[in-house]
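Q: Sequence unavailable; structure follows:
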């Protein structure tokens, strides 16, 4: 009688939850009180032992308010905003250690990642004006750790900075109609998102049935 076995496939599905934050014309230094919940579903394809490709779809929120003590422009402007967005990303991951090899006593790895995606944001400012970013590109870059808890489940922790290709996340720019008298934003600096999250992914296995010899 021939025994069967399990063989890991090169695919995973998972979910990631964490906190979004932002830097821009309204908030110019990182403030943990502005963290907002966000998340995404993802599909990961392992190209080889070191490189993975991840496709994700998610949503999140951003918020911020002028710190009136920061400078005279912030004190006079008193801008604030709250927004929500949807996104999709394609991410390339580089794993430093071969954590998936069951023949090795290696169950975790640090990794780097970068990629390209798109998002669409809708928000409301302090005056009740609704605004939209339209569809924009975004470019996440970050670091993380993956921990293989068992054959099928992998826990991840990561943090990233996301270039947004937009100066309108907070609805403050030189072109904002309700911003007057030199209180607009810096047109040379795009707003930046940040995301720190925890992920849990499931690895697909297939049953291997050896063929009998005749």
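A: That came in fine, so what should we check first? None of these values were measured; they are calculated from a predicted model. Residues are numbered from 1 along each chain as shown.

Q: Strands of the protein, start to end?
A: Secondary structure of the chain (DSSP state E): strands at 5-23, 36-46, 51-65, 80-95, 108-125, 130-148, 153-163, 192-208.

Q: For the second one, give me every contacting residue.
A: Contacts made with strand 36-46 from outside it, assessed by CB atoms under 8 Å, 6 or more residues apart in numbering, are listed as 10-21, 52-63, 87, 89, 93, 100, 195, 197, 199, 201. Using the backbone N, CA and C atoms, a C-beta is placed for each residue, glycine as well.

Q: Buried only: go through the residues you listed for me.
A: 12, 14-16, 18-21, 52, 54, 56, 58, 60-63, 87, 89, 93, 100, 195, 197, 199, 201 (16 or more other CB atoms under 10 Å).

Q: Low-confidence bits of this protein, can you list those?
A: 1-9, 68-75, 173-188, 206-214 (pLDDT under 70).

Q: Tell me how far the residue found closest to residue 83 once you drop the neighbours it is linked to in the chain lies from residue 135.
A: Nearest non-adjacent residue to residue 83, counting by CB to CB, 6 or more residues apart in numbering: residue 123, 2.9 Å away. Separation of residue 123 from residue 135 (CB to CB, to the nearest Å): 15 Å.

Q: For those two, indicate the residue with more neighbours.
A: Using other CB atoms under 10 Å as the criterion, residue 123 and residue 135 rank with residue 123 on top: 21 against 9.

Q: Show me the beta-bridge partners of that one.
A: In this entry, residue 123 is beta-bridged to residue 83, residue 131, by DSSP bridges.

Q: Same check on residue 155?
A: residue 147, residue 200.

Q: do the same with residue 45
A: Bridge pairing for residue 45 - DSSP bridges - gives residue 11, residue 53.

Q: Can you lay out the strands of the chain as JSON lines showing distance to residue 30?
A: Below are the strands of the chain laid out as JSON lines (distance: least, CB to CB, whole Å):
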{"stretch": "strand 5-23", "distance to residue 30": "7"}
{"stretch": "strand 36-46", "distance to residue 30": "14"}
{"stretch": "strand 51-65", "distance to residue 30": "11"}
{"stretch": "strand 80-95", "distance to residue 30": "17"}
{"stretch": "strand 108-125", "distance to residue 30": "20"}
{"stretch": "strand 130-148", "distance to residue 30": "15"}
{"stretch": "strand 153-163", "distance to residue 30": "11"}
{"stretch": "strand 192-208", "distance to residue 30": "7"}
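
Q: Report the contact partners of the spatially closest residue to residue 126 that is not a sequence neighbour.
A: Once flanking residues are discounted, residue 126 sits nearest to residue 80: 4.3 Å by CB to CB, 6+ apart. Residues near residue 80 by CB under 8 Å, 6+ apart: 26, 63, 64, 65, 66, 125, 126.

Q: and if you look at residue 198?
A: When contacts are counted by CB under 8 Å, 6+ apart, residue 198 is found next to 16, 17, 18, 155, 156, 157.

Q: Let me see the contact set for the fifth one.
A: Spelled out, it's residue 156. Going by CB under 8 Å, 6+ apart, residue 156 touches 14, 16, 144, 145, 146, 147, 198, 199, 200, 201.

Q: which non-adjacent residue is nearest it?
A: Ranked by CB to CB, 6+ apart and with sequence neighbours excluded, the top spatial neighbour of residue 156 is residue 199, at 3.8 Å.

Q: So which bits of stretch 89-104 are buried?
A: Here stretch 89-104 shows 89, 91, 93, 95, 97, 99, 100 as buried, counting by 16+ other CB under 10 Å.
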